[in-house]
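A.B. asks: Sequence and predicted structure below; questions after.
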Amino acid sequence: MKKAPKKAVKKAAPKKKVAPKKAVKKAAPKKAAPKKKVVAKKPAVKKAAPKKAAPKKAVKKAAPKKKVVAKKAAPKKAAKPKVKRKPNPAFMAPMAPDSVLGAVVGDKPMPRTEITKKLWDYIKKNNLQDKVNRRMINSDDKLRALFGKGSVSMFEMNKLLQNHLKKA
């Protein structure tokens with residue numbers, strides 16, 4: 001029986017080896033002491049906290065005011081649909097295309113908006129819009145005479161149309 005307790009002592013020895021590792025972990029509780037010092041400083045932070053609470057109350061007061069403004073704006077939106085929007089007469093004025101543009105859209109005088117629509121119909125019908133960059137229009141023979149270039153951006157197209165339009 002005496003041998004058994006000796007073995008128990010030997011088994012306890014490896015546990016002691018583990019214990020020093022725990023002692024390393026105990027270094028963290030030593031850091032707990034400085035935390036106590038931080039706790040002493042927290043009352044100063046608590047004094048700042050009520051100051052932060054006051055602006056939050058001001059924000060809460062501002063939010064209901066915004067809701068009231070939104071409610072007032074809703075009736076104004078209802079008033080707008082009652083009045084129909086009139087188109088700009090400059091866009092509706094008939095323009096006479098020259099012979100180069102007339103070959104694409106027709107020779108009759110029509111508003112600038114209709115001329116642009118017919119030009120887009122021609123571009124889409126003949127598949128002239130660039131496959132990769134959809135903003136670019138690849139010119140065929142008629143459009144090359146109209147634009148003077150092989151490829152034109154859709155934004156540049158309306159600028160180049162102005163040279164081929166006259167007031168009717």
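C.D. replies: Received it, and whenever you're ready, just let me know what you need. Numbers count the residues shown, from 1 in each chain.
A.B. asks: For the rest of this, base every contact and every neighbour count on C-alpha atoms.
C.D. replies: Noted.
A.B. asks: Now do the strands in the protein.
C.D. replies: Here the chain has its strands, by DSSP state E, at 94-97, 110-111, 136-138, 151-153, 165-167.
A.B. asks: right, so these: which one is the most enclosed?
C.D. replies: Scoring the strands of the chain by mean neighbour count under mean count of other Cα atoms under 10 Å gives strand 94-97 as the most buried, with a mean of 22.
A.B. asks: is it possible to export the strands of the chain to a markdown table including distance to residue 87 and mean pLDDT?
C.D. replies: Listed next are the strands of the chain as a markdown table, based on distance: least, Cα to Cα, whole Å; pLDDT from 0 to 100:
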| stretch | distance to residue 87 | mean pLDDT |
| --- | --- | --- |
| strand 94-97 | 14 | 94 |
| strand 110-111 | 12 | 94 |
| strand 136-138 | 28 | 94 |
| strand 151-153 | 26 | 95 |
| strand 165-167 | 18 | 91 |
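A.B. asks: Turn the ones you listed into CSV, including distance to residue 128.
C.D. replies: Formatted as CSV, the entries for the strands of the chain read as follows, by distance: least, Cα to Cα, whole Å:
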stretch, distance to residue 128
strand 94-97, 21
strand 110-111, 24
strand 136-138, 5
strand 151-153, 10
strand 165-167, 22
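A.B. asks: Residue 130 is nearest to which of the ones you listed?
C.D. replies: Evaluated with Cα to Cα, the strands of the chain place strand 136-138 nearest to residue 130, the distance being 5.5 Å.
A.B. asks: got the contact list for that closest one?
C.D. replies: Where contact means Cα atoms under 8 Å, 6 or more residues apart in numbering, the residues beyond strand 136-138 that reach it are 123, 128, 129, 130, 150, 151, 152, 153, 154.
A.B. asks: So for residue 86, which of the strands of the chain sits nearest?
C.D. replies: Between residue 86 and these, the tightest spacing by Cα to Cα is seen for strand 110-111, at 15.4 Å.
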